[in-house]
Structures are given as C-alpha cells and as structure tokens.
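Engineer: just the structure for this:
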Amino acid sequence: MHDETIRSGAIGPAFEHRVLSAARTLAAIALITLLVMTLVPFPMGYEATPVESSNPVNKYGYAFLAAVALIAHLLFTDKRVALTLLRPAWLVLAAWLLLGSLNSIWPDLAFRAALFTLAAMVAATGALSLPPDARAFRLCLTVMALLVLGLCYFGVLFYPAAAIHQSFEIETQNSGLWRGIYSHKNVAGQVMAALGFVAVYLWRCGDRKLALLIGLLSFAFAYKTGSKTTLALIPAVIVIVLAGRVFGSRILPVFLVLAAVTLLGLMTLGSVMSDTLQSVLDWFLPGTTFTGRSDLWRFTLELMQSRQWLGFGVDSFWPGPIVLTAEPPFELAWDPRGIVNAHNGYLDLAIAIGWPGLAMGVLVLVLLPMKDYARCVAGRDNQVLADLFLMILTFMLLNSFLESFLFERGNPSWMLTWMSVVGLRLLARHRLQQDAA
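Structural biologist: Numbers count the residues shown, from 1 in each chain. Sure, this is the predicted structure:
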C-alpha cells in the first residue's frame, strides 16, 4: 500500500510542492498580518518619549521579522526577484537614513532607530515575496484584512476603553471616535482605507462575497473614526486610479496621481514657505490653516534651519532640547512644543535627513513607483494588483501632507506604503505566477 501510494503521486514531488507552497503562504500571512496589525495592538495613545524609551517589543520584534524575511529570501526567493529588491535608489536612501544619525544629539540611539526602521522594511519585502502565486497572495490579504477587522470590532465591543477614544485623553475632541487596535483614530482610518482598497481588488478578482464583507466592515469603521480626510480621499483615490483603466491607459492614472500630490504639496507646505502660494490658497480657501497645522509647520521650519541640509537624525528632533527649550511662540494660538511630530510626513523626513534626503525620499516613494506602475508587466493579474498598490500608495502619499508616518517603524500606514512601493517594483519586472491548479 505504501509503495503504491508513492507511485501514485500522493507522496512525491507534487505533494512536497503543495506542502512547501502552503508553508510559504502561512509565513506570508503571518508577516503581512503582524506588519499591518502591529506587534502591540491596543497601545493606548501615541508614544511621545525619546528613542531610548520606545517599546522593546517594537524594536526587537521587527528585527526578528526581518530575520525571518531574510531567511525566506535565501531559501525561496528567485535570484532575479532578489536582485530586483536591491534597487540602487533604495540602498542609497537606506544608507542616508543610517548616516543621518551621525547628526543626532543621540547618534547611537538614532542609528538604532534607523536600523529598526530598515528592519521593518526588510520584513515587508518578505511578505510580498513568499506567496507562491496570485491566489496565495489574495489569501494573505483576505486573512490579514479579516483578522485586523475582527480585532478592531472586538475591541470596540469588549474593550472600548482601548478601542475608542475617551474623554479624559489629551485630545478630548476625539472622545467617542473609534481607533480599534491602533493608537489613534487617524491611523485606524488610514488602515481601513487600505482594507477598502483590498476589497476593491478582491471584487475585481472575482471574490465578490469576501470583497463585500471586507468593504462594508472597513468603510463602516472608517466612518466611525471621524476622519474627514480619509472619508474624502477613499472615493477620490479609487476614481483617480481606475479612471485610466476605463480608457485603457496606465499613463492617465500616473498623471492624475502626480498632479494630486503636487497640488496638495503646494497647498500645504508650499503655502507656508511662499507668500505667493499662501495668497493663492487664501483666495481659493480663505482662512484655511489645516486645523492649526500651518502654524506648526512655520514653527518647525524656523527651528530646523540650523541643520536643514543635513537633518537631525531619526527620532531626534521632537523629543530633543531644540524643540522643548524653544522660545514660546506667543503669536500662535497654541504651543506646539512637546508635540510628537510635524503632522506632515515630508517635513518630518526633511527634519531627519535634510532637504536632499527628502528629495531622495520623493524619488523612492513617488517618482520611481509611478514609473513602475506605467511599466507593469502585461497580464490581468499583474495589472489588477498594480492598481491595488497604486491606490494604497496614492492614499498614503496624499495623507502624508497632513499626518506623519513615513519611515516610522511599526506604523501600519508606513508598512502599507512601503509594501505598495515594493509591490509595484516587483510587478514592473516580473509576471505573477498564475493560480495553482
């Protein structure tokens, strides 16, 4: 009986291939779920302490995930795919983040912060390279989405003190708004938007029931976060990305995304750096301050002038003495000292590694992904998945003008952003393996 079973193929190369594929898929599910769910769910608020006191689970946990991803690359990743991941611009930016730590008042701590940030980014590459085919990747996204949504709704129902903003918190105006397993309603809103885009992707792939379930749950949760930016951007991003498909073009979505990013950049940071742009903004939207962010950006730009070309290093500006001992900005309606970030991801990147570093960041996060999307390998699986990555990336790039999460290790919004960048790179160079029979 045993010999007959072996000869029949029940145990043999085909069986081993199925077992290996299942193991790769399970590992990918674990990676992508932990990266989006975070290693410390229900954290009860933002972390506003210096880098040395950050959560060790976040620091060493992502280092462990990076080690898992590296082992997976060595064992399973095709050599051509691995070489694709060694993009020169990515390596230059990684080196820039590490070298930028030398400018910090805590160089060893800033170096470790940059190193752990890069570790999380390496882990994300493993989550994308492990699934053996398109169907396996859809399974990874589906399981991740359902687990994240399940935990978020579980928190709202059975752990509301952590999953819902409370009236005794610093931001009392957020009382009653949902945040689920995340630190803040805005983070939750960003993740829910990405899960909504996953639902669109699954619908286009034919998984209609799961798509409808994930879509309804994610959009309902996004609504309860009260994030107006998220609710406005979700339909806009879907239209921007899918409009080009209606006309059979990849260039139109790229043009629309670049136009939207440029316009919002001029309206936000541009308006506080140029009197002309401020006048134009006042003409179109009189009295706009982006909920007080304009004052914060002016305060930040003034303080960073001493190191604006080299930067202050990762996680070294806001908890440092240059901010905490600054003269009180009496002309402002509020005191921005003690805040945890600039509420603008691009500005915070410039703070960390200088204006040249920001230029490299724009190349890596904006320009090169647009080029990759335009050069996506032909085939429906590739194109539909590229649309998903572009929707997530576009949403996050636009959100980054009002929130700070770029290159922030452990932040699920950054993980989703980086996975989209990596995914577009892979889809521009390699064809997705067709679903296994």
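Engineer: with only the CA atoms kept, save stretch 177-187 in CSV.
Structural biologist: Only the C-alpha atoms of stretch 177-187 are listed here, as CSV (Å, rounded to 0.1, in the frame of the first residue of the first chain):
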residue,chain,number,x,y,z
LEU,A,177,-14.3,58.1,17.9
TRP,A,178,-13.1,54.6,17.1
ARG,A,179,-9.4,53.6,16.8
GLY,A,180,-9.7,49.9,17.2
ILE,A,181,-6.3,48.2,17.8
TYR,A,182,-4.4,51.3,16.8
SER,A,183,-3.0,54.3,18.8
HIS,A,184,-5.2,56.9,17.1
LYS,A,185,-8.3,57.3,15.0
ASN,A,186,-6.2,58.7,12.1
VAL,A,187,-4.1,55.6,12.0
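Engineer: for Arg204, which non-adjacent residue is spatially closest?
Structural biologist: Val384 (5.1 Å; CB to CB, 6 or more residues apart in numbering). Where you see a C-beta, it was placed from the backbone N, CA and C, and this is true even at glycine.
Engineer: for the one you found, grab the count of nearby residues.
Structural biologist: 17 (other CB atoms under 10 Å).
Engineer: neighbours around Thr291, how many?
Structural biologist: Neighbours of Thr291 using other CB under 10 Å come to 11.
Engineer: what does Arg337 give?
Structural biologist: 15.
Engineer: ok, the residue nearest to Arg204 touching Cys205?
Structural biologist: Yes - using CB atoms under 8 Å as the test, Val384 is close enough to Cys205 to be in contact (6.3 Å).
Engineer: okay, helices next: where are they in the stretch 301-437 of the chain?
Structural biologist: Along the stretch 301-437 of the chain, counting by DSSP state H, counting those that start in this stretch, helices occupy 321-324, 345-362, 368-374, 380-399, 412-429.
Engineer: next, format the ones you listed as a markdown table and append mean pLDDT and distance to Val257.
Structural biologist: Shown next, in a markdown table, are the helices of the stretch 301-437 of the chain (pLDDT from 0 to 100; distance: least, CB to CB, whole Å):
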| stretch | mean pLDDT | distance to Val257 |
| --- | --- | --- |
| helix 321-324 | 87 | 33 |
| helix 345-362 | 96 | 13 |
| helix 368-374 | 97 | 7 |
| helix 380-399 | 96 | 5 |
| helix 412-429 | 97 | 12 |
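Engineer: let me see the contact set for Met391.
Structural biologist: 197, 200, 237-238, 241 (CB atoms under 8 Å, 6 or more residues apart in numbering).
Engineer: change it to 10 Å
Structural biologist: 193-194, 196-198, 200-201, 234, 237-238, 240-242, 253, 257, 420 (CB atoms under 10 Å, 6 or more residues apart in numbering).
Engineer: likewise Arg179?
Structural biologist: Per CB under 10 Å, 6+ apart, neighbours of Arg179: 42-45, 152, 155-156, 162-165, 185-189, 221, 224-225.
Engineer: so which of these are in helices?
Structural biologist: Judged by DSSP state H, the subset of the contacts of Arg179 located in helices is 152, 155-156, 162-163, 185-189, 221, 224-225.
Engineer: export those as TSV, with columns for pLDDT and distance to Ala359.
Structural biologist: Supplementary listing: the ones in helices among the contacts of Arg179 in TSV, determined by pLDDT from 0 to 100; distance: CB to CB, whole Å:
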residue	pLDDT	distance to Ala359
Cys152	97	37
Gly155	96	40
Val156	97	42
Ala162	93	40
Ala163	95	39
Lys185	95	32
Asn186	94	26
Val187	95	27
Ala188	96	31
Gly189	96	29
Phe221	97	36
Lys224	97	38
Thr225	96	33
